[in-house]
Every structure is written in structure tokens, then in C-alpha cells.
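1. Fold the following for me, if possible:
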Amino acid sequence: MKNTGSRIPPEFRLRVSRRIRTVMKPFVKENESLTAECREAATELGLYYMTVWFWYEGYTLPTIYNLVRFADYYDVSIDYLLGRTAVKELQRRGAVLEAVA
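-> Now for the predicted structure:
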């Protein structure tokens, strides 16, 4: 297997970007642009709005730390953002344990 170094496959970057778009779009208020939502999310996460916009557009990917914070802010799972599951909503540990019991 060839070592590709730190290169991230374009299809992975696109998949994450699509999930970020899916999560953010419902929060874009009527008569406002996506820029406003990127600014709001960035402010809450302590980031520059262009950083969030770059994630949205697929130019860059969030660090693990920022991915966790983004997922918490929008109340979605990291697995959903990474395209590992189609389940968008978080299942809290207590809710899962209650469902099993």
C-alpha cells in the first residue's frame, strides 16, 4: 500500500463538507445569507467566520478539536459529520441505557 502522507482524499473532504452544509442550512434565517450563519457559529466557537465558511465550502477540514465543538454546537454526532452514519441526532448515553433497560 502506497503511503500518501498527510493528503486527505478529495471525496472525504467533499463528504464532510456536504454534512456540514446539511447541518447548517436549516439555521440560515430567512432573508439572511449563509455568511450570517457562518459568523454566528464562528462567534460561538471562538473562530474566524472564514474558517467555518471554508469548512462549508470544502476548502479545509476542521481539526478534531473544532469538529467536536461544531458537533456539540449543532447537537449532531461526529460520526454523522464524518459520513460514518446517516443518524444525525445524538443519542445521549442515558437515553441509550434507558432504551436497553
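2. low pLDDT regions in the protein?
-> Along the chain, the model assigns pLDDT under 70 to residues 1-6, 90-101.
3. all helices for it, in order.
-> 10-24, 34-45, 49-57, 64-74, 78-81, 93-100 (DSSP state H).
4. Of all those helices, which one comes closest to Val87?
-> Shortest distance between Val87 and the helices of the chain, using C-beta to C-beta, is found for helix 78-81: 6.4 Å. Backbone N, C-alpha and C define where each C-beta goes, glycine included.
5. Not counting the closest one itself, show me its contacts.
-> 16, 19-20, 23, 67-68, 70-71, 85-88 (C-beta atoms under 8 Å, 6 or more residues apart in numbering).
6. can you rerun that using 7 Å?
-> When contacts are defined by C-beta atoms under 7 Å, 6 or more residues apart in numbering, helix 78-81 is touched by residues 16, 19-20, 67-68, 71, 85, 87-88.
7. between these, which has the most around it?
-> Ile20 (23 neighbours; other C-beta atoms under 10 Å).
8. nearest spatial neighbour of Leu14, skipping sequence neighbours?
-> Gly58 (5.6 Å; C-beta to C-beta, 6 or more residues apart in numbering).
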